[in-house]
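1. Okay, sequence plus prediction incoming.
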Amino acid sequence: MARLPQLAVFDLDYTLWPFWVDTHVEPPFHRNRDGSVRDCNNQIITLYPEVPDVLERLHGQGVTIAAASRTGEIHGANQLLQLFDLDKYFAYKEIYPGCKITHFERLQQKSGIPYSKMIFFDDEKRNIIDVSKLGVTCIHVQSEMNLHTLTKGLEQFAES
Ligand SMILES: [Mg+2]
């Protein structure tokens, strides 16, 4: 069996969902009677469709999962993770503005997991460049987080 990471870290905006939580949607969010998640203008908010499957697969493989986001909309981002029922997957959440190296230093301290045992998925090249310097296997998410991107990422980690 391929060597797995101990910690998988995900960006939020344009990695797990198709918007910037501080720009394109308006908190507070709520769950509608029809089950959909909506913002305060009643706009329907969705994840990228395969995101729950991605997290469930990693969880089933015993990989610890974390979020690392630079958004300034900290409360809204946390609220969405809760409303989408994703909170159960995230052992750690580092959500605040700043360079993502800080987010990873804190993840390393909290988890005790070395950078070499981490994989990171993010849509922004600058974050990939920053976090790569720590020795984390970084996967640039080109369109959206899905099972194909997860599989390719885990292959890259196993070869690293
Ligand atoms: Mg992003």
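-> Great, that's in hand. Numbering: from 1, shown residues only.
2. Only C-alpha atoms from now on, for both contacts and neighbour counts.
-> Noted.
3. Would it be right to say that residue 67 lies in a strand?
-> Yes. When DSSP: H, G, I helix; E, B strand; the rest coil is applied, residue 67 is found to be in a strand.
4. Could you shift the numbering so residue one becomes 5, and keep it that way?
-> Yes, from this point I'll number from 5; that puts the last item at residue 71.
5. beta partners of it?
-> Beta bridges link residue 71 to residue 14, residue 97 when assigned by DSSP bridges.
6. wait, what's in contact with it?
-> 13-16, 94, 96-99 (CA atoms under 8 Å, 6 or more residues apart in numbering).
7. Give me the outermost residue of the chain relative to its centroid.
-> Outermost residue of the chain with respect to the C-alpha centroid, by CA atoms, centre = their mean, is residue 37; its distance is 27.0 Å.
8. Now the residue in the chain that the ion sits nearest to: closest residue in space, sequence neighbours ignored.
-> The ion sits closest to residue 17 of the chain, with a gap of 4.0 Å, by CA to the ion. Nearest residue to residue 17, sequence neighbours excluded (CA to CA, 6 or more residues apart in numbering): residue 24, at 5.1 Å.
9. quick one: secondary structure of that neighbour?
-> Put simply, residue 24 is coil when judged by three-state DSSP.
10. Distance of it relative to residue 15?
-> Distance from residue 24 to residue 15, counting by CA to CA, to the nearest Å: 11 Å.
11. The two: who's more crowded?
-> The neighbour comparison of residue 24 against residue 15 (other CA atoms under 10 Å) goes to residue 15, with 25 against 14.
12. Run through the residues that contact residue 12.
-> With contact taken as CA under 8 Å, 6+ apart, residue 12 is in contact with 67-70, 122-125.
13. and what of residue 32?
-> By CA under 8 Å, 6+ apart, residue 32 lies in contact with 43-44, 80, 83.
14. still on that earlier bit, what pLDDT does the residue nearest to residue 17 get?
-> Confidence at residue 24, expressed as pLDDT, is 96.
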